[in-house]
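A.B. asks: sequence plus predicted model, see below.
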Amino acid sequence: MIIKIDTDIIKKHENANLCYYLLSLLGEAPIDINCCAKARNLGFVESKDRFENYPKDAKITDYGTEHLMSIIAGNDNRLGIIAEDRCTLLADKLRELFPTGNKPGTKVMWRGNRKVVADRLRKFFVKYGDEWTDEEIIDATKRYVATCRAQDNGRYMRSLPYYIWKNDIRTGELEKTSDLLDYLENTEMAEEPMSLSEFMC
């Protein structure tokens, strides 16, 4: 059975939680209190409530999000061997657009490593779709690097993996953000980018 879910649509439904519960039954993996407790014990969710009943304040952790996205990416038919090859090759091209070495004062590599970047791209395609061409993604990345260079000489630029997407805490809530998505959707951002050689100076 193949089921594709648009979480944005389900969120708008008055019985969103019921929809997910029904899906768990449909997938023959019903949600119960033991499942909730196991999720917390594994570090996938956090909650101040005791798990004697369903916790009302449970929130997915960064680790839980990473785990879920890995499962989805590994089982999405759109992300088979061809897509995996695409992500690896595209990762190499994007890494060339970022500076070498680490971000100043940190141990975080600007480019990340090949495996991490390719994995981030696969998860990006799962969450946001894969309708963009490699050329569009490369162009968006060039504009991002150029824009950051023009703003405080790249002081606030994200590393490549976090540029693709990352979890941010905003107003106390966990929110997934993607600068890559922003630049893909807004082609007018930094229409006249500086050259990469200027940024590397």
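C.D. replies: Good, I have the coordinates. Residues are numbered from 1 along each chain as shown.

A.B. asks: could you pull out the helices for this protein?
C.D. replies: For the chain, the helices defined by DSSP state H occupy 7-11, 16-26, 33-41, 62-75, 81-95, 114-128, 134-150, 160-164, 179-185, 196-199.

A.B. asks: and the fifth one, what does it pack onto?
C.D. replies: Contacts defined by 3 or more CB pairs under 8 Å, 6 or more residues apart in numbering; DSSP states H and E place helix 81-95 against helix 114-128, helix 134-150. Backbone N, C-alpha and C define where each C-beta goes, glycine included.

A.B. asks: for residue 10, see how far away the residue most central in space within the chain is.
C.D. replies: The centroid of the chain falls nearest to residue 165 when counting by CA atoms, centre = their mean (3.9 Å). For residue 165, the distance to residue 10 equals 20 Å [CB to CB, to the nearest Å].

A.B. asks: circling back: can you tell me which of the helices and strands packed on helix 81-95 the model trusts least?
C.D. replies: Lowest mean pLDDT of the helices and strands packed on helix 81-95: helix 114-128, a mean of 88.

A.B. asks: where in this protein is pLDDT low?
C.D. replies: Along the chain, segments meeting pLDDT under 70 span 1-5, 49-56, 70-84, 169-175, 188-201.

A.B. asks: can you rerun that using 80?
C.D. replies: Across the chain, the ranges flagged by pLDDT under 80 are 1-34, 36-37, 40-42, 47-60, 62-85, 126, 152-155, 167-176, 188-201.

A.B. asks: what about the residue nearest to residue 136 when sequence neighbours are not counted, how many neighbours?
C.D. replies: Distances taken as CB to CB, 6 or more residues apart in numbering place residue 184 nearest to residue 136, at 6.3 Å, with adjacent residues excluded. For residue 184, the count of nearby residues is 21 (other CB atoms under 10 Å).

A.B. asks: and what of residue 111?
C.D. replies: Residues near residue 111, counting by other CB under 10 Å: 21.

A.B. asks: for residue 27, same thing?
C.D. replies: For residue 27, the count of nearby residues is 10 (other CB under 10 Å).

A.B. asks: now do the one 10 residues further on
C.D. replies: For residue 37, the neighbour count with other CB under 10 Å is 15.

A.B. asks: cool, and residue 125?
C.D. replies: By the measure other CB under 10 Å, the count of residues near residue 125 is 19.

A.B. asks: how close does it sit to residue 158?
C.D. replies: Per CB to CB, residue 125 is found 19 Å from residue 158.

A.B. asks: grab the nearest non-local neighbour of residue 128.
C.D. replies: Sequence neighbours aside, residue 181 is the residue nearest to residue 128 in space, at 5.5 Å (criterion: CB to CB, 6+ apart).

A.B. asks: burial count for that neighbour?
C.D. replies: Neighbour number of residue 181 under other CB under 10 Å is 18.

A.B. asks: correct me, but it touches residue 163?
C.D. replies: No: look at residue 181 against residue 163 with CB atoms under 8 Å: they stay out of range, at 10.1 Å.
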